[in-house]
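# Provide a 3D model corresponding to the input given below.
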Amino acid sequence: LLFDNGDLLQGNPLGDYIARVRPLPRGEVHPAYKVLNQLGVDAANIGNHEFNYGLPFLRQAISGAQFPYVSANVVEAASGKPAFTPYVILERRLRDESGAERALKIGVIGFVPPQIMLWDRQNLEGKVRALDIVESAQRLVPEMRARGADLVVAIAHSGIEKHEQPRMAENVAAQLAQVPGVDVLLLGHAHAEFPGPAFASFPGVDLARGTLYGVPAVMPGRWGDHLGVIDLRLSNA
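Numbers count the residues shown, from 1 in each chain. This next block holds a predicted model:
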């Protein structure tokens, strides 16, 4: 399975050109999604920089993705309903060690820092609201399990802090790892590499196993300089 963790639409000259200089014509696929569609991405999360050009451009751009986008902690300002699809459950058939085919339901949920309401206030105020990441996970992960998810992959555009974080904090991966039902953490935003020596003294970190409070986790740097890989050994026992 291949996932993207956001900050794809803004951050380089091409992003500015497509959004500001030669606006994306209606019905045309954004160049970034022409690439990701070819790569066969299974699902993607919305990062904070996706909001930099405003909601209409964001919605238009991701409509060209041939894979689902998830964002669980952004809701419509007036109704409180999800502004984007909070999570998806992907159904895949994989072969086990004996060669037998197994059906697997993989739940994928996404989160963005609630600070988008400060960083992009001019684009978002009065239109959407951002909720706390951990509280959103605590509410929705049990729902995903109830809907049959065998695995829950949390794609969090959030980093790891050494100390306990307050409500509505930006980097809450450590707290998210402790939410019951989360099996995998795909992290980002902090421009760091996990597992890596910078996190050796952090609570709950096992660098040899690549886990955070026992949950397999990866944060693959920044600007596409790394590909984060997690291998899982599954058992139906």
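
# drop to CA atoms for contacts and neighbour counts, all remaining ones
Fine.

# Now do the same for the nearest residue to Met144 once chain neighbours are set aside: helix, strand or coil?
With sequence-adjacent residues excluded and distances taken as C-alpha to C-alpha, 6 or more residues apart in numbering, Met144 is closest to Gly107, at 6.5 Å. Using DSSP: H, G, I helix; E, B strand; the rest coil, the structure places Gly107 in strand.

# Tell me, how many residues neighbour Gly107?
Gly107 has 23 neighbouring residues, counting by other C-alpha atoms under 10 Å.

# Any idea what it is bridged to?
Ile89, Val152 (DSSP bridges).

# Report the contact partners of it.
Contact analysis of Gly107 by C-alpha atoms under 8 Å, 6 or more residues apart in numbering lists 87-90, 144, 149-153.

# could you redo the last one with a cut-off of 7 Å?
Taking C-alpha atoms under 7 Å, 6 or more residues apart in numbering, we find Gly107 in contact with 87-90, 144, 149, 151-153.

# Tell me the pLDDT of it.
As predicted, Gly107 sits at a pLDDT of 98.

# And it, how far from Lys127?
Going from Gly107 to Lys127 by C-alpha to C-alpha, to the nearest Å gives 28 Å.

# and the residue lying farthest from the centre of the chain, what does it touch?
Farthest-out residue of the chain from its mean C-alpha position, per C-alpha atoms, centre = their mean: Ser98, at 32.6 Å. Applying C-alpha under 7 Å, 6+ apart to Ser98 gives no contacts.

# Likewise for the one 4 residues further on?
Under the criterion of C-alpha under 7 Å, 6+ apart, the contact list for Arg102 reads 93-96.

# In CSV, list these along with pLDDT and neighbour count.
Converted to CSV, the contacts of Arg102 look like this (pLDDT from 0 to 100; neighbours: other C-alpha atoms under 10 Å):
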residue, pLDDT, neighbour count
Arg93, 95, 11
Leu94, 92, 12
Arg95, 92, 10
Asp96, 92, 12
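
# In helices, which of the residues you listed appear?
Of the contacts of Arg102, none are assigned to helices by DSSP state H.

# Now render the residues you listed as TSV, adding distance to Tyr69.
Shown next, in TSV, are the contacts of Arg102 (distance: C-alpha to C-alpha, whole Å):
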residue	distance to Tyr69
Arg93	21
Leu94	23
Arg95	26
Asp96	28
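
# State the number of residues packed around Ala103.
Residues near Ala103, counting by other C-alpha under 10 Å, number 11.

# So what's the predicted local confidence for the residue farthest from the centre of the chain?
pLDDT, read off for Ser98, is 91.

# Next, the residue positioned nearest the centre of the chain: phi, psi?
When C-alpha atoms, centre = their mean is applied to the chain, the residue found nearest the centroid is Ile155 (3.0 Å). Phi and psi for Ile155, reported as degrees, to the nearest 10, are phi -100, psi 100.

# if I look at it, how far off is Asn123?
Distance, Ile155 to Asn123, using C-alpha to C-alpha: 24 Å.

# Good, we can wrap up now.
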